[in-house]
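Q: model this:
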Amino acid sequence: MNEKTKQLILLNCESYEFFSEQLGSIEKKYFLLLEGVFNEHDTLSQAMKERHYVHDGIFINKLKKLRECGTKYITTSIKFEKEMKEMRRLAPDLRDGEIEFEGVENKFLFMSDYLDELEQAVLLQYKMRECIEKQLKLFKGIENDE
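A: Numbering: from 1, shown residues only. Next comes the predicted model:
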């Protein structure tokens, strides 16, 4: 493995940790904001039926903050997914390379677990992003009703 590839792999590992922490933080904020939007309503349909939200600036502001946070999640998630795909692409170099990871005794098992974890992380990112995108479309429609 050449030095450039080795550095890229190490950088991707650091990037993975960074994006994972960032997304965890954004996700937590998103769900707190979501909870705040529906403090007075048990469901979106209840809020829609009552329609008092249309003239409620606080409610609309909460939705805007929620959409901003959701948009940030989506943007960060896309970047994270690209990093994970790059990590998958470089995985064969890890197997053959001289990079050692603490606690790894069997490189074959490590690679198998590594690739499985990346696949699961990509799938989870995609599913969460899809869910948030759908929610944001709904909330945008409510905001436009004002």
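
Q: Low-confidence bits of the protein, can you list those?
A: Counting by pLDDT under 70, the chain shows low-confidence ranges at 1, 40-56, 95-108, 141-146.

Q: Okay, and residue 9 sits in which element?
A: When secondary structure is defined using DSSP states H and E, the element that contains residue 9 is helix 3-37.

Q: and that helix, which residues are buried?
A: The neighbour-count check on helix 3-37 (16 or more other Cβ atoms under 10 Å) flags 6, 8-9, 12, 15-16, 19, 22-23, 26-27, 29-30, 33-34, 37 as buried. Bear in mind the C-beta positions are built from the backbone N, C-alpha and C, glycine included.

Q: who touches the residue lying closest to residue 62 once chain neighbours are set aside in this structure?
A: Ranked by Cβ to Cβ, 6 or more residues apart in numbering and with sequence neighbours excluded, the top spatial neighbour of residue 62 is residue 37, at 4.8 Å. With contacts defined as Cβ atoms under 8 Å, 6 or more residues apart in numbering, the neighbours of residue 37 are 59, 62, 63, 66, 139.

Q: residue contacts, residue 29?
A: The neighbourhood of residue 29, defined by Cβ under 8 Å, 6+ apart, consists of residue 69.

Q: State the distance from it to residue 73.
A: 9 Å (Cβ to Cβ, to the nearest Å).

Q: Give me the residue at the spatial middle of the chain.
A: The structure's the chain has its C-alpha centroid closest to residue 77; by Cα atoms, centre = their mean the separation is 3.9 Å.

Q: from memory it sits against residue 128, does it?
A: Yes - taking Cβ atoms under 8 Å as the definition, residue 77 is a contact partner of residue 128 at 6.9 Å.

Q: thinking again about what came up before, show me what whichever strand or helix holds the residue nearest to the centre of the chain is packed up against.
A: According to DSSP H and E, residue 77 maps onto helix 57-96. Using 3 or more Cβ pairs under 8 Å, 6 or more residues apart in numbering; DSSP states H and E as the contact criterion, the elements in contact with helix 57-96 are helix 3-37, helix 107-145.
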